[in-house]
Structures are given as structure tokens and as C-alpha cells.
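1. Pasting the sequence and the predicted model now:
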Amino acid sequence: MNKFEILSEALDYIEENLASELSPEDCAEKCCYSLSNMQKMFRCTFHIGISDYIARRRLTAAANELIKTDSSVLDIALKYGYNSHETFTRAFVRLWGVTPSKFRKSRSFSEIFPKLGPPRQIYDEGGNIVMTSKKFFDVSHLYDFIISRRGKYAVCFDMVHLMKINDTYGHPTGDMAIAECLRRIDESAGEDMLLMRIGGDEFVLITDFDNIEGAKSIAEKILSFNGGTVKAGDTDVPISMRAGYALIPEKGNIRYNALFDSFIIAGRDNA
């Protein structure tokens, strides 16, 4: 297998075994690849370690079950490899900023860390594959929903200074900042809207508005929280976003990149 195929198989294997005993060693063995090379390739391509990725995907899956099932918090914790309610709650709060019980009562969005897609295949003039190191999430099911919302507006949000937050305060604070952005959007969105995280610091809300004034009103409501903070130790770290709008065309093919490259940019930078 080439490196593209190895990473694809590893990502699929992780997804199939989130509720089983799973380790980086298991992934390497499954792909018939050395652990050290697997770790290096995974981190180089996705900028995250295998263990961290597994933990984040498990907490994302657990959040989804909190919303969509009646399973107890303890049962969900045990399912995803946490040996106690307390251990699970600590890990959950570090990622989401709230306890599992509070999350279940107040949230409807759970995909903070969707499944990563494999690196895209780019070919040189000789027909050789060149692997890009860009990390991206698998949002394939978003397309069908976009098609169903032809003539409606999408609102895209871009978090300000995520890399600076990660570099200054560490990735756990960056994760909390992402969760805070998602909370602001999730709690402001209508029940018929779809929220997706489409990149490290980018989010899209597919609305049911067929006029830009409606899209602007929900964006302005969400941007009014700009400057609100998350905690990094004793430091209050301000979190802000920008927003843009795009009308989903009534007819013709919809190309994902063309749609979101056409945004009307709005918002402000308070960070």
C-alpha cells in the first residue's frame, strides 16, 4: 500500500473501533506498518497524534449519543473506554467546557471533531501522486443537505487567531475556543438549520432563510458574542469570529469550493 492507502485504512479502522479497545499499536498492526512510521506520517499529515485523534473522536461520538439516545452518562463513558463517570466527565469538560449532563440538556450539535478525510491525491506532470499535508474533515453528507436548501442562504464563520491561541496557551485551550464558537452558533441556530465544522477554525450554518436579511440577523446575533472569553489557567482568552454569506443557487451544479469562495464577508475582529 502507498501512504495514501495506509492513512485511509487507519482512519477507517479507528472509526470502526471507537467503542472497542483501540491503540496506535493496533492501527499500525492493522495497516502492516511500523508504529513509529505510522505516528510520524499521521502527525505530519494531520498535525495531531493518533492517540489524541482517537480521544477526540470518542468524545465526539459520546456527545452524539448524549444528544440522540437515552443511555446513561456512565454507560456512554464505559462504551468509549472511560472506567468511571468522573474520568469521563473530566475529559468531556476539557473538550466541551461543560459536563455531559449539562451538554445533554442544552446542546444539539456534537460533531466538534468529525472524522478526518484522507489526504487528497494531487498528481504531478509525470502522473505521480503528491500527498498534501492539509488536514480536512469528511463532510460528504453536507452536500445532500445543501442541495435540499437551494435558494437559501449559508452563513460561514471563521474563528479569529486560533493558531495564535494554540501557540500561546496550548491546544487544549484551542479546543475549548472551538467548542465555545460552536456553542454560540448552536444555541442561536434554528431547529431546521444544519451546523457543520468544515475545517480547523471554520464552521458553516445552512439556514432556512431565502433573504440575506435573515442570514445577516442570525450572524449578527452570533457575532455579538465576540470578545467573550474562555479560561486558560488564570487568563481570560477572548474569542471572536468573522462571518460571510452565500446564496445556494437555485439551478445548476453546486461546486463546494465555488460556493464558499463567493461569500460576502462580514463581521469584525475583536481579538
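-> Nice, thanks for sending it over.
2. Can you show me the strands along the protein?
-> Assigned by DSSP state E, the chain shows strands spanning 121-123, 129-131, 153-159, 194-197, 202-206, 229-232, 235-238, 241-247, 264-267.
3. Save these as TSV, and put in distance to residue 33 and mean neighbour count too.
-> Backbone N, C-alpha and C define where each C-beta goes, glycine included. Shown next, in TSV, are the strands of the chain (distance: least, Cβ to Cβ, whole Å; neighbours: other Cβ atoms under 10 Å):
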stretch	distance to residue 33	mean neighbour count
strand 121-123	19	10
strand 129-131	15	13
strand 153-159	34	23
strand 194-197	29	20
strand 202-206	31	22
strand 229-232	36	16
strand 235-238	38	14
strand 241-247	39	21
strand 264-267	43	14
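4. Do you know the pLDDT at residue 130?
-> The model reports residue 130 with a pLDDT of 47.
5. Against residue 176, how distant is residue 236?
-> According to Cβ to Cβ, to the nearest Å, residue 236 and residue 176 sit 12 Å apart.
6. Let me see the contact set for the spatially closest residue to residue 69 that is not a sequence neighbour.
-> Once flanking residues are discounted, residue 69 sits nearest to residue 76: 7.9 Å by Cβ to Cβ, 6 or more residues apart in numbering. Shown in contact with residue 76 (Cβ atoms under 8 Å, 6 or more residues apart in numbering): 62, 65-66, 69, 88, 100.
7. separation between residue 76 and residue 222?
-> 29 Å.
8. swap in residue 10?
-> Residue 10 is 36 Å from residue 222, by Cβ to Cβ.
9. what's the answer for residue 182, then?
-> For residue 182, the distance to residue 222 - Cβ to Cβ - is 11 Å.
10. need the contact list for the residue lying closest to residue 81 once chain neighbours are set aside.
-> Excluding the flanking residues, the one nearest residue 81 by Cβ to Cβ, 6+ apart is residue 58, at 6.4 Å. By Cβ under 8 Å, 6+ apart, the contact set of residue 58 is 18, 80-81.
11. Could you tell me the phi and psi values at the closest residue to residue 61 other than its chain neighbours?
-> Nearest residue to residue 61 in three dimensions, chain neighbours excluded: residue 18, at 5.2 Å (Cβ to Cβ, 6+ apart). Main-chain dihedrals, residue 18, degrees, to the nearest 10: phi -60, psi -30.
12. let's have the chain start at 634 instead
-> Happy to do that; since the first residue is 634 now, the last one works out to residue 651.
13. Contact partners for residue 651?
-> Residue 651 neighbours (Cβ under 8 Å, 6+ apart): 687, 690-691, 694, 713.
14. Right, I'll call it a day here.
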